[in-house]
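Colleague: mind folding the following:
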Amino acid sequence: MAEGEDQLLQGSWDRDLADALESGGCDLETVRNIIQGRELPCDQRAKIWKIALNVAGKGDSLASWDRSLDLPEQAIIHDKCQQLIDLQPVPEEEKPALLVDVESVITFYCKSRNITFKQNLNWPELLKPLLSLQLSRSDLYNCFYAIMNKYIPRDCVSNGRPFHLFRLLLQYHEPELCSFLDTKKITPDSYAMNWLGSMFAGQCLPEVTQAMWDVYLQQADPFLIFFLMLIMLVNAKDNILSQEGDGKEELIQMLETSPAHLEVEDMEDLFSLAQYYYSKTPLSLRKDNQNLFGSSLVALKDEEMDLSQALCLPVSVPEILQANQLQGDGVRFFVVDCRPAEQYNAGHLSTAFHLDSDLMLQNPAEFALSVKSLLEAQKQSLESGSIASGEHLCFMGSGREEEDMYMNMVLAHFLQKNKEYVSIAKGGFMALQQHLADINVEGPDNVYVHWIVSTSGSRGSISSPADGESPNGSGDGKGVKSLVNKMTFALKSRSVNVKEKVISFIENTSAPVERISFNLPWPENVVPDRHVSSSDRVGKPYRGVKPVFSIGDEEEYDTDEIDSSSMSDDDRKEIVNIQTWINKPDIKHHFPCNEVKETGHMFPSHLLVTGTHMYCLREIASRKGFTYIQSRQALNSVVKITSKKKHPELITFKFGNSNSSGVEVLAVERYLIPNAGDATKAIKQQIMKVLDALES
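Modeller: Next comes the predicted model:
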């Protein structure tokens, strides 16, 4: 019956789509609303792509052309087009006409844009997915032109700006991998030129390219290509890092051909992961690079930052100010002011932590202590829910190159430690002052009115921050808003323990946190999932629920620490022999697995189930056969077990308790378990035994 209903639904939206396309005037938003992420019908692909590219109903752009194929480089164009046509699965008698169409499209594009065709251009590969649509020559040209104009970035050449931007994106999310490739002198343009120039059509199988473009063109966001490229590298990370002994050319070849391994079934996860990384990236990446896409006749502005010289991803001052005002899962910044102490004391962003970059050379021991305190302050501010909190570190200098030399050294220090989410405030403190002046921050109704303060907590003058305190200052800095300001002021005192002082300020200035302090969304006014009870004989709380696969926020410098939310004090850092534990008489089940942290990092581990508890033992890389006891959870505290449809081996356990007011989740653990179905079945059965025993 269910199958019949599914077919009925399928037929229903299919008909709605066909009717909308036939009616004429159908726009992309209508198409999206009907399709809602479903697989595109093959017979409607041509119409949908033309709508997505905004060329539906467009006239014949080649009508005024004399059809002359007479460019100086015409032989190169002809040969490249012939190679493309030879590979097309069409009858031999149709290939000559198809060859003329393709050669005409490329030739007319070169003539109309005054471009010289070169051997390394990927245009024929870009036409390959369009040929499968059996378009007229006019539609073929219009679609090709629209893709070139909207989706192929300008300066897509060796050492071009798009590749420098991609390297900064890779460094932001995967600094270890970026550093490895830099060491090998492997730049993105050496392996990703074809990815970017053909939208992966040059490497992927035809059916994979079609499935990818189906989603990509509906998203209508040209910057998404950078995140698809990022996922390619993230997926291949372990393989890349294991090739330490390989030569440069072998690595480039492996990277360049990696998209060839994609399958149609991978598209949902590919785009889901790309969107996740997109959401964890500052908006400045897109806003400050809009001119990468569009008409190639528009020149890059002379004042644009040279991204090849950028130490890390630049973020605009307006985004820094706005980000921490917003609620939700977007990017939030923990601002680190690296100017000398006297400049910081004269006036600074009230939410900024001060790290005197001069200390790095003048007093390395004190600098190391300050860095440790910075990371502790960041961690504690995240837990407190402070307005100053953010998992993304943004370093702010003065904005004057000669003064920011030491700040650049500090930045390099963090990048060498493979710290994720490291950025720099574009233009530094000077840009902040200018921006606040431009928006008339002195106005009584401005939300930023208390954002420039001195070390005493008073608001500094926007026009002359070095003049000292403003008579209109706010005194204590408005509670949590001056949290980091107070913490960094405490660092000036050499006679106190810095770490204790930082924690003390956090505890004493943070506003009460009404939500649970671990990094998962806590819905309000929603009927919570029930706790497992003895009446739920078939494990109903685990069935029919929406799968959960969330990657939350976590302090990266603590990935090797034991998670206090899921540990008892007795077990912390206890080292045991894995075989001894497996052979214990009370161990009922043993499942080798990988513990998955919310950042995506994985650690080889073992799940052991006794009659009453579930243990996670994490392997110690330096001591074969030994493990840490990473967590110990009572089976009767499991409130939910979920998996992702596309990744059934990724299992999420939520632990907590339930009462009349609902379910309280106290800890979340994720594991990648081979044969996860057998594992969860065994654990569920053991949970039911425990609950039955408790009831009796």
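Colleague: what's the least confident helix or strand in the protein, going by average pLDDT?
Modeller: helix 498-509 (a mean of 38; mean pLDDT, DSSP states H and E).
Colleague: which residues does G677 contact?
Modeller: For G677, the contacting residues are P648, by Cβ atoms under 8 Å, 6 or more residues apart in numbering. Backbone N, C-alpha and C define where each C-beta goes, glycine included.
Colleague: look up how far H606 lies from it.
Modeller: 18 Å (Cβ to Cβ, to the nearest Å).
Colleague: what distance do you get for Q253 to Q243?
Modeller: In terms of Cβ to Cβ, Q253 sits 11 Å off from Q243.
Colleague: check which element follows the least confident helix or strand of the chain along the chain.
Modeller: strand 575-577 (DSSP states H and E).
Colleague: for that following strand, give the mean pLDDT please.
Modeller: Here strand 575-577 scores 87 as its mean pLDDT.
Colleague: which other helices and strands contact it?
Modeller: strand 626-634 (3 or more Cβ pairs under 8 Å, 6 or more residues apart in numbering; DSSP states H and E).
Colleague: strands paired with the strand it packs on, and their directions?
Modeller: Sheet pairing for strand 626-634, assigned by DSSP bridges, gives strand 575-577 (antiparallel), strand 613-619 (antiparallel).
Colleague: just confirm I115 is within a helix.
Modeller: No: read with DSSP: H, G, I helix; E, B strand; the rest coil, I115 is coil and lies in no helix.
Colleague: mind pulling up the pLDDT for C178?
Modeller: The per-residue pLDDT of C178 was computed as 95.
Colleague: you'd agree it is up against R167?
Modeller: Yes: with contact defined as Cβ atoms under 8 Å, C178 reaches R167; the gap is 6.7 Å.
Colleague: list residues touching both of those two?
Modeller: Shared contacts of C178 and R167 (Cβ under 8 Å, 6+ apart): none.
Colleague: can you map out the helices along the stretch 301-450 of the chain?
Modeller: With DSSP state H, counting those that start in this stretch as the criterion, the stretch 301-450 of the chain has helices at 317-323, 341-346, 359-362, 364-384, 405-416, 428-438.
Colleague: show me the shaky parts of this protein.
Modeller: 1-11, 295-304, 326-329, 440-450, 455-573, 598-600, 646, 696 (pLDDT under 70).
Colleague: repeat that for 50
Modeller: Along the chain, segments meeting pLDDT under 50 span 1-9, 296-299, 302-303, 441, 457-572.
Colleague: residue closest to the middle of it?
Modeller: Y277 (1.3 Å; Cα atoms, centre = their mean).
Colleague: which of the helices or strands spans Q82?
Modeller: Judged by DSSP H and E, Q82 forms part of helix 74-86.
Colleague: buried residues, that helix. List them.
Modeller: 74, 77-78, 80-81, 84-85 (16 or more other Cβ atoms under 10 Å).
Colleague: which other helices and strands contact it?
Modeller: For helix 74-86, the packing partners by 3+ Cβ pairs under 8 Å, 6+ apart are helix 95-113, helix 123-131.
Colleague: okay, the longest one in PDB with CA atoms only?
Modeller: Which is helix 95-113. Coordinates of the C-alpha atoms in helix 95-113 are reproduced here as PDB (Å, rounded to 0.1, in the frame of the first residue of the first chain):
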ATOM      1  CA  LYS A  95      28.500  13.500 -35.600                       C
ATOM      2  CA  PRO A  96      29.500  15.900 -38.500                       C
ATOM      3  CA  ALA A  97      26.500  18.200 -37.800                       C
ATOM      4  CA  LEU A  98      27.200  18.000 -34.000                       C
ATOM      5  CA  LEU A  99      30.900  18.900 -34.700                       C
ATOM      6  CA  VAL A 100      29.800  22.000 -36.700                       C
ATOM      7  CA  ASP A 101      27.500  23.100 -33.900                       C
ATOM      8  CA  VAL A 102      30.200  22.800 -31.200                       C
ATOM      9  CA  GLU A 103      32.900  24.500 -33.300                       C
ATOM     10  CA  SER A 104      30.500  27.300 -34.200                       C
ATOM     11  CA  VAL A 105      29.600  27.900 -30.600                       C
ATOM     12  CA  ILE A 106      33.200  28.200 -29.500                       C
ATOM     13  CA  THR A 107      34.300  30.200 -32.500                       C
ATOM     14  CA  PHE A 108      31.400  32.700 -32.200                       C
ATOM     15  CA  TYR A 109      32.100  33.100 -28.500                       C
ATOM     16  CA  CYS A 110      35.700  33.900 -29.200                       C
ATOM     17  CA  LYS A 111      34.800  36.400 -31.900                       C
ATOM     18  CA  SER A 112      32.100  38.100 -29.900                       C
ATOM     19  CA  ARG A 113      34.200  38.400 -26.700                       C
END
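Colleague: separation between V422 and Q378?
Modeller: From V422 over to Q378 (counting by Cβ to Cβ), the distance is 12 Å.
Colleague: before we move on, what about S661?
Modeller: Relative to Q378, and taking Cβ to Cβ, S661 is found at 33 Å.
Colleague: just want to know which of these two has more residues nearby.
Modeller: Looking at S661 and Q378 with other Cβ atoms under 10 Å, you find the greater number of neighbours at Q378, namely 22 against 7.
Colleague: ok, now which ones touch the more buried one?
Modeller: 334, 353, 389-391, 393, 555.
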